[in-house]
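# Sequence plus predicted model, see below.
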Amino acid sequence: MFFGLLVLTLVLLFHLYIWKRVVRDTTRPGRARRIGTAVVAGLCLLVIGTVLGSRYAGPAAARWFAWPGFVWFGLMAYLVVVLAVLELPRLALRGWVRREPLRATASTDTATEAAEPADPAPAASSRRLFLARVSAVVAGAASAGLVGTGMVAALGPPELTRVRVPLRRLNPGLAGYRIAVVSDIHLGALRGRGHTERIVRMINEADPDLIAVVGDVVDGTVAELGAAAAPLRDLSARDGAFLVTGNHEYYSGYQPWLTELERLGLHPLRNERTTISRGGAEFDLAGVNDVNGRSFGDGPDFDAALSGRDTGHPVVLLAHQPVQVAGAAERDVDLQLSGHTHGGQLYPFHHVVRLAQPAVAGLSKVDDTWLYVTRGAGFWGPPVRVGAPPEITMVELDVLR
């Protein structure tokens, strides 16, 4: 509820700012300003309807307004960013806007011309209008360019990222063991079966030893998205495919989805672990529920997942949110695999994500625990990724030397 109110408040404030800079400042009172005001108000209602509809109406009902609504959402975000940056040159040019023009007058005493200030109001108004219109055009062009290139990245194939992680307790017989990590697929109003098929094909072609799906597969119910998720049954790895819940599974009906995904061949790790073996060498693969599961009586339980294990070999933990690494580090986990952040998805908003998570993307370390955060294969909200392309990660385990 708090998050929804925060988003609603920001959307209203952003549109008020856009209206001021793009409509009011660039037009004189009259028909053009009234039309611009109506357009901005309509776009504001479109964004609110899109966000609420995608959350409560389901993918099928939301699909008809999701594309224009979420594309405008992305444009809105970058218009605000670019217009805010342009406040600096506007401030620097304030003196030029206010400068009084000079007009020549004949002197009755000397027949020479002297300059005296003219009425500054019309000139200042024209300069102010010119500056506002230039700023609006620059902001519009920059935002459209960013969103256009971001859509190409978001809707294109994920990158295949390869990361080597040395583990201190890994048996040399497991050196080179490869885990395909995929997160944040986000099947929903904007991404369907074709998205799933491409992800499955890319993972299978990479030939991993094990597949880890670290949450946020869906944004809708099994009835709405079961067909879109069905290609997951074709995932292939020698030691299987494993799954932990993300926050969006809880929004979408986690119990039916866990049953459906298990039917498709994925093995949910719900505050539990299993042992992975190769020729006598072993490591533990554990998984904990997402922190949002607490609201549904299904929260993470690190002790249930990790207590009583053999500490002589390493443990790899699947946990949707990077913030869960605090519990992992306390329990001497060797490696945590996470998603959730989308790598920030829209630069520079990754700075906001960093306020809530210890890492946004890539490999880092908390005490003796490695943390790898994948940027995810899909997107949420705007079909746009700027500075954070989608990815599937191949994590290769190695012996710490």
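Received it, and whenever you're ready, just let me know what you need.

# List the contacts of the residue nearest to residue 338 when sequence neighbours are not counted.
Among residues not flanking residue 338 along the chain, residue 322 sits closest, at 4.6 Å (CB to CB, 6 or more residues apart in numbering). For glycine as for every other residue, the C-beta is placed from the backbone atoms N, C-alpha and C. Contacts for residue 322 (CB atoms under 8 Å, 6 or more residues apart in numbering) come out as 336, 338, 340, 341, 357, 358, 359, 360, 371, 373.

# Phi and psi next, for the fifth one.
Backbone dihedrals for residue 357, given as degrees, to the nearest 10, come out at phi -130, psi 150.

# returning to what we had before: list phi and psi for the residue nearest to residue 338.
According to degrees, to the nearest 10, residue 322 has phi -60, psi -30.

# distance of it from residue 347?
According to CB to CB, to the nearest Å, residue 322 stands 18 Å off from residue 347.

# With residue 226 instead?
Relative to residue 347, and taking CB to CB, residue 226 is found at 34 Å.

# How about residue 318?
Taken as CB to CB, the span from residue 318 to residue 347 is 27 Å.

# more neighbours, the two?
residue 318 (28 against 16; other CB atoms under 10 Å).

# which strand residues sit across from the more buried one in the sheet?
residue 287, residue 337 (DSSP bridges).

# which residues of the stretch 1-150 of the chain score low on pLDDT?
1-3, 57, 60-61, 100-121, 123 (pLDDT under 70).

# do that again at 80, thanks
Counting by pLDDT under 80, the stretch 1-150 of the chain shows low-confidence ranges at 1-4, 53-64, 97-125.

# would you list every one of the strands in this protein?
102-106, 113-117, 159-167, 178-182, 210-213, 241-243, 266-268, 272-278, 281-287, 315-318, 335-338, 362-366, 369-373, 391-399 (DSSP state E).

# Against which helices or strands is the third one packed?
Other elements packing on strand 159-167 under the criterion 3 or more CB pairs under 8 Å, 6 or more residues apart in numbering; DSSP states H and E are strand 369-373, strand 391-399.

# please redo it, this time with the cut-off set to 10 Å
The contact analysis (3 or more CB pairs under 10 Å, 6 or more residues apart in numbering; DSSP states H and E) places strand 159-167 against strand 178-182, helix 193-206, strand 315-318, strand 335-338, strand 362-366, strand 369-373, strand 391-399.

# mind putting the ones you listed in a markdown table, distance to residue 48 included?
Output for those, formatted as a markdown table (distance: least, CB to CB, whole Å):
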| stretch | distance to residue 48 |
| --- | --- |
| strand 178-182 | 32 |
| helix 193-206 | 26 |
| strand 315-318 | 35 |
| strand 335-338 | 31 |
| strand 362-366 | 34 |
| strand 369-373 | 31 |
| strand 391-399 | 31 |
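
# any chance of the ones you listed in CSV, plus mean pLDDT and distance to residue 234?
Below are these laid out as CSV (pLDDT from 0 to 100; distance: least, CB to CB, whole Å):
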stretch, mean pLDDT, distance to residue 234
strand 178-182, 98, 13
helix 193-206, 98, 5
strand 315-318, 98, 21
strand 335-338, 98, 22
strand 362-366, 97, 29
strand 369-373, 98, 25
strand 391-399, 98, 15
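
# closest to residue 43 out of these?
Nearest to residue 43 among the helices and strands packed on strand 159-167 is helix 193-206 (26.9 Å), distances taken as CB to CB.

# Okay, buried residues for that closest one please.
Across helix 193-206, burial judged by 16 or more other CB atoms under 10 Å covers 195, 196, 199, 200, 202, 203, 206.

# which residues touch the first one?
Applying CB atoms under 10 Å, 6 or more residues apart in numbering to residue 195 gives the contacts 155, 157, 158, 185, 186, 187, 188, 228, 231, 377, 378.

# Distance across stretch 19-32, terminal residue to terminal residue?
Start-to-end span of stretch 19-32 (CA to CA, to the nearest Å) is 13 Å.

# Show me what counts as buried in it.
19, 21, 22, 23, 25, 26, 27.

# out of these, who's nearest residue 133?
Nearest member of the buried residues of stretch 19-32 to residue 133, counting by CB to CB, is residue 26, at 4.9 Å.

# correct me, but that closest one touches residue 135?
Yes. At 8.4 Å, residue 26 and residue 135 qualify as touching, with contact defined as CB atoms under 10 Å.

# contacting residues around the residue most central in space within the chain?
Geometric centre of the chain, nearest residue: residue 345, 3.6 Å, by CA atoms, centre = their mean. By CB under 10 Å, 6+ apart, residue 345 lies in contact with 74, 150, 154, 184, 353, 360, 375-376, 378-382, 384-390.

# mind listing which of those are in helices?
Those of the contacts of residue 345 mapping onto helices are 74, 150, 154, 353, per DSSP state H.

# mind listing what's buried in stretch 144-152?
Going by 16+ other CB under 10 Å, stretch 144-152 has these buried residues: 146, 147, 150, 151.

# Same question for stretch 39-53.
For stretch 39-53, by 16+ other CB under 10 Å, it's 40, 43, 44, 46, 47, 48, 50, 51, 53.

# Take the residues you listed and lay them out in CSV including distance to residue 180.
Shown next, in CSV, are these (distance: CB to CB, whole Å):
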residue, distance to residue 180
40, 45
43, 40
44, 41
46, 38
47, 35
48, 38
50, 33
51, 32
53, 33
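
# Which of the residues you listed sits closest to residue 128?
Nearest member of those to residue 128, counting by CB to CB, is residue 40, at 20.1 Å.

# Just list the residues touching the closest residue to the closest one other than its chain neighbours, thanks.
Nearest residue to residue 40, sequence neighbours excluded (CB to CB, 6+ apart): residue 19, at 4.4 Å. Listed by CB under 10 Å, 6+ apart, the contact partners of residue 19 are 25, 33, 36, 37, 39, 40, 41, 43, 44.

# Of these, which is the nearest to residue 304?
residue 44 (45.8 Å).

# dump the residue contacts of the residue lying closest to the closest one once chain neighbours are set aside.
Nearest residue to residue 44, sequence neighbours excluded (CB to CB, 6+ apart): residue 15, at 4.0 Å. Applying CB under 10 Å, 6+ apart, we find residue 15 in contact with 40, 41, 43, 44, 45, 47, 48, 76, 79, 80.
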